[in-house]
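# Fold the following for me, if possible:
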Amino acid sequence: PASISNTAGTFVCNHVTYGVCHMLAAKYPGKRSGFIHIPFLPQQVIDKKNMPSMSQGVLVEGIEAAIEAIVDTPTDIKVMGGATH
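Got it, this is the predicted structure:
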C-alpha cells in the first residue's frame, strides 16, 4: 500500500527533496534521485487515532521494490501536474 505524493511533506521533506534535485542538476547532471517518506510503525501509533502506519516487513518489501525499480528502469517517467507524459 503506497501512493505518489506530489507534496513531499510540508517543510523538511520538501527542503531535502528539492535541495538534492538542485544539487544533482548543478553538479551531477543525468543522475537521478528520489525520496521515500515512510509511515510510522504500528507500535508507534497505538495511542494516535487515524495515523497511518505500516509493518516493518511491508516497509522493507516496499523499499526493496523501489530499489529494484530504480535499477531496472534507466529512464524516469516524466510527471507534470499529476499527468504522465
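
# got a list of what residue 55 touches?
Residues near residue 55 by CB atoms under 8 Å, 6 or more residues apart in numbering: 41-42. Where C-beta positions appear, they are placed from N, C-alpha and C, glycine not excepted.

# what separates residue 47 from residue 40, distance-wise?
11 Å (CB to CB, to the nearest Å).

# neighbour count winner among these two?
Each of residue 47 and residue 40 has its neighbours counted (other CB atoms under 10 Å); residue 40 has more, 13 against 6.

# Can you report how many residues neighbour the closest residue to that one other than its chain neighbours?
Nearest residue to residue 40, sequence neighbours excluded (CB to CB, 6 or more residues apart in numbering): residue 53, at 4.7 Å. Neighbour count of residue 53, defined by other CB under 10 Å: 16.

# Next, report how far the helix or strand hosting residue 64 is displaced from the centre of its chain.
If you go by DSSP states H and E, residue 64 is part of helix 56-72. Remark: helix 56-72 is offset 11 Å from the chain centroid, using CA atoms, centre = their mean, to the nearest Å.

# same check, this time on stretch 56-75
On CA atoms, centre = their mean, the centre of stretch 56-75 falls 11 Å from the chain's centre.

# Please save the CA atoms from that stretch in CSV.
In CSV, the C-alpha atoms belonging to stretch 56-75 read as follows (Å, rounded to 0.1, in the frame of the first residue of the first chain):
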residue,chain,number,x,y,z
GLN,A,56,8.4,-3.2,9.3
GLY,A,57,8.2,-6.2,6.9
VAL,A,58,5.9,-4.3,4.5
LEU,A,59,8.2,-1.3,4.7
VAL,A,60,11.2,-3.4,3.8
GLU,A,61,9.4,-5.0,0.9
GLY,A,62,8.4,-1.6,-0.4
ILE,A,63,11.9,-0.2,-0.2
GLU,A,64,13.3,-3.3,-1.8
ALA,A,65,10.8,-3.0,-4.7
ALA,A,66,11.7,0.7,-5.1
ILE,A,67,15.4,-0.1,-5.3
GLU,A,68,14.7,-2.8,-7.8
ALA,A,69,12.6,-0.4,-9.9
ILE,A,70,15.5,2.2,-9.8
VAL,A,71,18.0,-0.4,-11.0
ASP,A,72,15.7,-1.9,-13.7
THR,A,73,14.4,1.4,-15.1
PRO,A,74,17.0,3.6,-16.8
THR,A,75,14.7,6.5,-17.6
